[in-house]
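Student: coords please:
(chains A, B and C)
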Amino acid sequence: MAEFVVGEDGIKRYLVSITVNGIKYTKVVKANSLLVNFLREDLNLTGTKRACEQGDCGACTVLLDGKPVNSCMVLTVSVDGREVTTVEGLASNDKLDILQEKFIEHSAPQCGFCAPGILMSAKALLMKNPNPTEYEVREAIAGNLCRCTGYVHYVEAILDAAAASQERKDGKNG
Amino acid sequence: MAKEFSYLNMKREYSYIGKSLKRTDILDKVTGRGKFAADLKFSNMLYGKLIRSTEAHARIIKIDTSEAEKLPGVRAIITAKDVPSIKYGLSPARYDENIFCIDKVRYYGDKIGAICAVDEETLYKALKLIKVEYEVLPAVFTPAEAAKPDAPQIFEEYPGNINTEIHLEFGDVEKAKQEAYYIRTDRLQGQRTLHGFIEPHCSIAYWEGKRVTIHSAHQSAHYLQHHIARIFDMKEGDVRVVLPYIGGGFGGKVDISGLDIAAVALSKITGQPVKMFYDLEEVWYNGRARHGMDMKYTTGVTKEGKILFVENETILDGGAYTGLGVASAYYAGALLTVLYDFDNYRFDAYRYVTNLPPCGAQRGHGQPHPRYAFESHLDHIAEDLGMDPIEIRLINARKANTVTPNGYEVKSYYLKEANEMARDASGWKDKKGKLPVGRGIGVGNGGFVTGAGYCMYRTDLPHSVAMIKIYDDGTHAIVYTNAVDIGQGSDTVLTQMAAQAMGYPYEDITICTRDTDLSTLDFGAYASRQTLMAGWAVKRAGEDVKRKILAQAAEMLKVKEDGGYRFGKLTPEELDCEEGIVFVKQEPAVNITFAEVARAYFVKHGVLIGRGYYHPGKLGGTHKGAAVGTSPAYSSATQVAEVEVDMETGLTKVVGTWDVHDSGFVVNPQLLHGQVHGAFSMGIGETIWEKVVFDEKGKVLNGNFAEYRLPTALDMPYVESLVLDTFEPNGPWGVKEVGEGATTPTLGCVANAVYDAIGVRISELPLTPEKIWRALKEKEAKEKGGK
Amino acid sequence: MYLPDFEYFTPDSVEEACQLLSKYGPKAMAIAGGTDIVVKMKKEVLAPEILVSIGHLPELKKIEYVPGKGVVIGAGVTHNEVQNSKILQEKYLSVCEAAHQMANNQVRNLGTIGGNISNAVPSADMPPILIALDTTVKIVGSKKERTLPLEDVFKGPNQTVLEHDELITEFVIPDGSFTGSTYLKFGLRASGALAVVGVAASVQMDGGVIKDARIVLGAVSPVPLRAKEAENLLKGKQASEELFEEAGVIASGECRPISDIRASAEYRRDMVRVFTRRALLKAVNEGHV
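Tutor: Numbering: from 1, shown residues only, chains lettered A, B, ... in the order given. Prediction:
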């Protein structure tokens, strides 16, 4: 059971320890804290977007223990002891993820509001399935609504990223 | 007769335009680093929301805020009595909206007041404690109800609830009727839709002395600045508007929203920054999207299918206020004459106010529904005459260098060629009439203005102004323009244009936009205007820089002449500059870097600045409403869609799409294709799924993305986007538009494909499975009855 | 949107969870994936004062095959875990496919099977296929345990026979004699759409003859509905498309759909006919798909 303190208002605050993008944060949150707000407000990781707040649009998609979820539907207390990856965690030491590189090359995002969510869904897909078909790509991002792009460049970019990382792997092995 | 001048196939090679260069904002957008309005935080910031009506039409008896005020953390609650009583809007002839409702509410969701608190949680709790007492009035929810003689009057100033009435005639329709070989009438209905951007509106304001700064998810820094100044009786110079990244607009972030106004008012009262924001459902109540339209077209043609006249009667459901609605009503009839060449045209329109959220502009302002209706109508005429749908379009397509009966001058225009290219790319000849039942192919035409010919309010201001500043040592350039990149990529395109105009490396240019203090006037992102209008301003600013650079370089370069050297004797005309190198045209080996020249200029004259501006001049005829639809240039487009309809369930799947665009010179092909893909996606959504639905009280029933269904990646087919090589003499380097025009043919082409697949016309959008199922049942019953 | 305040408990076992639910009474609710409850709390449809987390409990996370018993699925298994289960893919791909059709990928990673059943939403995707396979549920409370046919769990929209201190802990798809099963969902969009109609069918074939069959309809009555008259028609008959059409007609007469924002009752009825026929065809011809 998570440790808690009771505030002057009689409301419990829970001690949580959450690893976000490899960094362990120990914070005190109310039970009604949603992961999307925790990331955006408490950790200032505003790359994760808040839009529909009901799990319909995917703008707030993050990886929870490696799986894409809508952070608007996740209670922060329920993430205690778990790992979260946000769009800010994709690049390492200024080296972009292959997906980010390909999103740039294909000019995939337009307004860019849905882009972090799509990146996270695509990242989860490629971790699980490094060589997806077009249908599998479309399916993986079907929970991420985009009004600007018709998804065409996104799908091309993700397929291209998969191909490029396969090539890199083959190159290394060869 | 003079030889017809063609603007086809004139393409030339450039260093920085006509190329898919990397978006200027792309790194921000793939790393999550880019800030949208909701991502901004300011010290001591408060959080605010609007207080909304829960009745569609009612007098406000009492607003009790006492319980909410007692809640710790609530900082201010304001209603009509706390703000100016001035009326505002976007169409100056119809400023009819108060900041907060004064006497009565006119739709469920109307603005009654605003509240702010120290955090979101307190805000939501307080909002629930506010009690409003109403005297409920009868409400009207459709134009038909609004038009009844005993209908409740929503506004005193709109008797009969008619907000805008249009009666225009060009040529002689009655005479043409006598000459027509065949006349047909069709009536079709387009539904109320929503822009569907993913980012809900958000606006943050704070005051510093007499000046206010607003950070808003908005499509035009200028209009927001202008209207805030007008509403609060301030000087425009005392209102600073800064626009962060905008998460899509499509016309839904053009109006001055209640959030903007309330943020300014609340931050004044509290002395703290106030962030006002919508939850997604409130975006539906904010409205300002496509009008529901009831459209009746009567068209007469010759035996060969040449259009002799068109009569168009359109009724628009305006919702509660005007916003941009006057323009929407005119647009509904204005641009048909651009697509098709005929002399006799009558257009009658009535825009009714109803007790629903206000309608306004959505991508292709006023066009997609009329295009859907007329393109469907035209298919029926072709069918009745035994003609191929594309054939009748080829016969009637407008030609370049012509003037429409309602006074638009059309320079480059290649709709005929677009039809031919779409026909060939889609395999039309092998498919039309040859596909099995349940599979169909359809065509639709469209196009749009490339920027509106006139400002939304009366002014002599130029429409776009730009400035380019070169760094002291010449190693970097900043382009200043308040063109608004809402995702369409104007920042990138304008940077490419600046690079080309100056002959300066693209990667050494930064664009400074969307800030009325730091950058220069532009009317913003609407009417598909940025590439042409801001493009002219940037091109001219770049050329101004280049002129100064060449003059300076002429003093610095030396060329061999008869075995000797001459210094500073070159004229600027002998020089050119490309990709950062200034060189002698006759002897390119003699050159100097732009940077060196720029530095020398700086030492001698101070800062090196280029300036440019653009005004389209006087356009259009003199009839009432003649200004709407005027533009320096008109795009055209043909789309073809192939669909598969499940004949048992009525479910439509779009399996193939082709778009051919006559967009003038294309600055960035990748961005153009992206616009076409997105436009097709929106159009498919609007044809098959999307419609805003209300209950009997005027409450939105599908104010979310589960029941207002935008297409997902699994619903979208691949979109084949093709470009005609055309050149527009009124555009910088020959550019026209693509962003809005690309949505205008889609509804018609998908609807025609469905008709081709199932053999029955459904006269009302969207073409949901159930409507198709019902239509097929009725058809079956009729055929049985007929036997 | 925001969530009102509540207390949150993280018990270490099902037993402890039930005790907490018992102790706090109706003001407490169990939460697993949260995809339903969190949204309902935001919309103020639900306002529990206490949430008892069960999604993390390892004992609810298993999918295993127990010879003689059948496939056992823990209630805390997510839709994607069902979809990706090797055991289920091998034995009842139809169950994986049903799980796969729920909402979208992100929601499937959170939402659990137990939650999908306990919420008793008439359009839910899992109940029809599980009922068609004669699934039973184990229900554990603070004082007693019981096992029921899944079919008997539902009482009405958002209503089940569960007492407030009870939890569904596992589902058992018994080793049956069904030779084929399928779930067909008809939604208005390819992803992220609720079922307008959902039809599950299972059949036990003996050569070309149908020995036994189940037809379970979703989204067309307050609870998942067995189309028993249609099932009876099929028994002992030679499989044919004409027979399945007839079964579809009967099933469409058995259902009790409502008209709502997504579809009219009339349309839903006819879709029951269409998808009953299609589901039977698929179950007969393609096995558990």
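Student: looking at the residue positioned nearest the centre of chain C now. What's its pLDDT?
Tutor: Nearest to the mean C-alpha position of chain C, counting by Cα atoms, centre = their mean, stands residue C:127 at 1.9 Å. If you check residue C:127, the pLDDT there is 98.
Student: residues touching it, list them.
Tutor: C:116, C:117, C:150, C:154, C:216, C:218, C:224 (Cβ atoms under 8 Å, 6 or more residues apart in numbering or on different chains). Just so you know, the C-beta spots here come from the backbone N, C-alpha and C atoms, and that holds for glycine as well.
Student: repeat that for residue C:266.
Tutor: Taking Cβ under 8 Å, 6+ apart as the test, what residue C:266 contacts is residue C:259.
Student: that one should be in a strand, yeah?
Tutor: No - under DSSP: H, G, I helix; E, B strand; the rest coil, residue C:266 falls outside any strand and is assigned helix.
Student: and the gap between residue B:293 and residue B:630?
Tutor: 22 Å (Cβ to Cβ, to the nearest Å).
Student: what does residue C:34 give?
Tutor: 54 Å.
Student: so the closest residue to chain C within chain B: helix, strand or coil?
Tutor: Chain B approaches chain C most closely through residue B:714 (3.7 Å), counting by Cβ to the nearest Cβ. In three-state terms, and counting by three-state DSSP, residue B:714 is coil.
Student: coming back round to it: the more surrounded of residue C:34 and residue B:630?
Tutor: residue C:34 (24 against 21; other Cβ atoms under 10 Å in any protein chain shown).
Student: let me see the contact set for that one.
Tutor: Taking Cβ under 8 Å, 6+ apart as the test, what residue C:34 contacts is A:73, A:74, A:75, A:78, C:55, C:110.
Student: turn those residues into JSON lines, columns for secondary structure.
Tutor: As requested, the contacts of residue C:34 are exported to JSON lines (three-state DSSP):
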{"residue": "A:73", "secondary structure": "helix"}
{"residue": "A:74", "secondary structure": "coil"}
{"residue": "A:75", "secondary structure": "strand"}
{"residue": "A:78", "secondary structure": "helix"}
{"residue": "C:55", "secondary structure": "coil"}
{"residue": "C:110", "secondary structure": "helix"}
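Student: out of the residues you listed, who's nearest residue C:173?
Tutor: Taking Cβ to Cβ as the measure, residue C:173 sits nearest to residue C:55 out of those, at 21.7 Å.
Student: now the residue nearest to the centre of chain C: how far from chain A?
Tutor: According to Cβ to the nearest Cβ, to the nearest Å, residue C:127 stands 20 Å off from chain A.
Student: what distance do you get for that residue to residue A:144?
Tutor: For residue C:127 relative to residue A:144 (Cβ to Cβ), the value is 28 Å.
Student: for the most centrally placed residue in chain A, give the beta-bridge partners.
Tutor: Among the residues of chain A, the one closest to the centroid is residue A:62, at 2.4 Å (Cα atoms, centre = their mean). Judged by DSSP bridges, the bridge partners of residue A:62 are residue A:69.
Student: is it correct that it is in contact with residue A:48?
Tutor: Yes - contact criterion Cβ atoms under 8 Å: residue A:62 and residue A:48 qualify, at 5.7 Å.
Student: dump stretch B:462-469 to CSV, keeping only the CA atoms.
Tutor: This file holds the C-alpha atoms of stretch B:462-469, laid out as CSV (Å, rounded to 0.1, in the frame of the first residue of the first chain):
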residue,chain,number,x,y,z
PRO,B,462,-1.7,46.2,-47.0
HIS,B,463,-2.7,42.6,-46.6
SER,B,464,0.8,41.3,-46.0
VAL,B,465,4.0,43.1,-44.9
ALA,B,466,7.4,41.5,-44.4
MET,B,467,10.9,42.5,-43.4
ILE,B,468,14.2,40.7,-43.6
LYS,B,469,17.1,41.6,-41.3
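Student: outside of that stretch, which residues touch it?
Tutor: Contacts for stretch B:462-469 (Cβ under 8 Å, 6+ apart): B:451, B:455, B:477-481, B:483, B:494, B:498, B:502, B:519-523, B:529, B:533-538, B:540-542, B:544-545, B:607-616.
Student: of those, buried ones?
Tutor: B:451, B:455, B:477-481, B:483, B:494, B:498, B:502, B:519-523, B:529, B:533-538, B:540-542, B:544-545, B:608-610, B:612-614, B:616 (16 or more other Cβ atoms under 10 Å in any protein chain shown).
Student: helices - which of those land there?
Tutor: B:494, B:498, B:502, B:535, B:536, B:537, B:538, B:540, B:541, B:542, B:544, B:545 (DSSP state H).
Student: roughly how far does residue B:732 sit from residue C:245?
Tutor: For residue B:732, the distance to residue C:245 - Cβ to Cβ - is 64 Å.
Student: again with residue C:156
Tutor: 31 Å.
Student: neighbour count winner among the two?
Tutor: Taking neighbours as other Cβ under 10 Å, residue C:156 and residue C:245 compare with residue C:245 leading, 16 against 11.
Student: okay, the more buried one: pLDDT?
Tutor: According to the model, residue C:245 scores 98 on pLDDT.
Student: for it, which residues are in contact?
Tutor: C:273, C:277.
Student: quick one: what helix or strand has it in it?
Tutor: Per DSSP states H and E, residue C:245 falls inside helix C:241-254.
Student: quick check: the residue of chain B closest to chain C touching residue C:190?
Tutor: Yes - when contacts are counted by Cβ under 8 Å, residue B:714 is listed as touching residue C:190 (3.7 Å).
Student: quickly list what's touching both of those two.
Tutor: Joint contacts of residue B:714 and residue C:190 (Cβ under 8 Å, 6+ apart) are residue A:142.
Student: contacting residues for residue 134?
Tutor: Here I'm looking at chain A. Counted by Cβ under 8 Å, 6+ apart, residue A:134 has contacts A:155, A:159.
Student: meant chain C, my bad for not saying
Tutor: C:149, C:173, C:174, C:176, C:178, C:214.
Student: pretty sure the last one contacts residue C:200?
Tutor: Yes - at 7.4 Å, residue C:214 and residue C:200 qualify as touching, with contact defined as Cβ under 8 Å.
Student: list the residues that contact both of these two?
Tutor: C:131, C:132.
Student: the two: which has the busier surroundings?
Tutor: Neighbours per residue (other Cβ under 10 Å) separate residue C:214 from residue C:200, with residue C:200 holding more: 32 against 26.
Student: what's the closest non-adjacent residue to the more buried one?
Tutor: residue C:128 (3.5 Å; Cβ to Cβ, 6 or more residues apart in numbering or on different chains).
Student: wasn't that neighbour part of a helix?
Tutor: Yes - per three-state DSSP, residue C:128 lies within a helix segment.
Student: tally of neighbours for the residue of chain B closest to chain C?
Tutor: There are 17 residues near residue B:714, going by other Cβ under 10 Å.
Student: quick one: contacts for it?
Tutor: With Cβ under 8 Å, 6+ apart, residue B:714 has these contacts: A:138, A:139, A:142, C:190, C:191.
Student: mind redoing it with 6 Å?
Tutor: By Cβ atoms under 6 Å, 6 or more residues apart in numbering or on different chains, the contact list for residue B:714 reads A:138, A:142, C:190, C:191.
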